[in-house]
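Chemist: Below is the sequence, then the predicted model.
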Amino acid sequence: MNAPTKAARGARDAEQAADLLVTVATTLNQRLAITAEELARSQAMLREASEELMTAFRGAADRIVAAQRVESAVNVEEKNAEYGPVLDHLYRAVHHLQSHDLVNQLIDAQKLRVDKMREKLLEALSLAQPPVSNPAQAGEWIERSRAMLDCIVAGIAQIDDDTRAPRNDKKRGSVDLF
């Protein structure tokens, strides 16, 4: 094989590698978009469940208030038998409401990571858009692929750094798991 044929073959291989990288970045970005939608749906379902728990909590509290208004002639044991299950329900509702806050924080953190990675993938894909001035030269294809990979790796590193970074944006009374 002569040098021009080898160069042309090398350029085709580099172009195919760049195209493969674009396909991978596009596919990952699509999958992350689906993940973002699923996280948003999960958060909506969690919000609905939390509202249901609040309704149950209020109902149980109303039941206790009504039971306290019963004539004092009612046996204390009977009152305790009534209050026990109601209080158990209330404690479980409170526990689930606290879980809602924690899970919501986890979902928000995951949504943020997904959004940041999608931004980096879009940035990497934008690096693949300008036309190659000389498609028969492997160098431009290799540089394009390298720039895309560097961008994707930088996105992963940024997510890793954000995960390990101390959180300074705590609100008063909030719970932070990270």
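Modeler: Noted; the coordinates are in hand.
Chemist: When you work out contacts or count neighbours from here on, use the C-alpha atoms and nothing else.
Modeler: Noted.
Chemist: Beyond the helix or strand containing Phe57, next helix or strand please.
Modeler: Following DSSP states H and E, the helix or strand that holds Phe57 is helix 3-68. Counting by DSSP H and E, the element after helix 3-68 in chain order, helix or strand, is helix 76-127.
Chemist: in the protein, what spans have low per-residue confidence?
Modeler: When the per-residue scores of the chain are filtered using pLDDT under 70, the ranges that remain are 1, 68-80, 82, 163-178.
Chemist: repeat that with 50
Modeler: For the chain, the stretches with pLDDT under 50 are 172-178.
Chemist: how many other residues sit next to Ala67?
Modeler: Other residues lying near Ala67 total 13 when counted by other C-alpha atoms under 10 Å.
Chemist: what do you get for Ala109?
Modeler: The number of residues packed around Ala109, counting by other C-alpha under 10 Å, is 15.
Chemist: Distance of it relative to Thr27?
Modeler: Counting by C-alpha to C-alpha, to the nearest Å, the separation of Ala109 from Thr27 is 22 Å.
Chemist: tell me the secondary structure for Gln129?
Modeler: Here Gln129 is recorded as coil under DSSP: H, G, I helix; E, B strand; the rest coil.
Chemist: Pull the distance from the helix holding Phe57 to the chain's centre.
Modeler: Average the C-alpha atoms of helix 3-68, do the same for its chain, and the two points are 6 Å apart (C-alpha atoms, centre = their mean, to the nearest Å).
Chemist: Now do it: which elements does it pack against?
Modeler: Contact here means 3 or more C-alpha pairs under 8 Å, 6 or more residues apart in numbering; DSSP states H and E; on that basis helix 3-68 packs against helix 76-127, helix 138-164.
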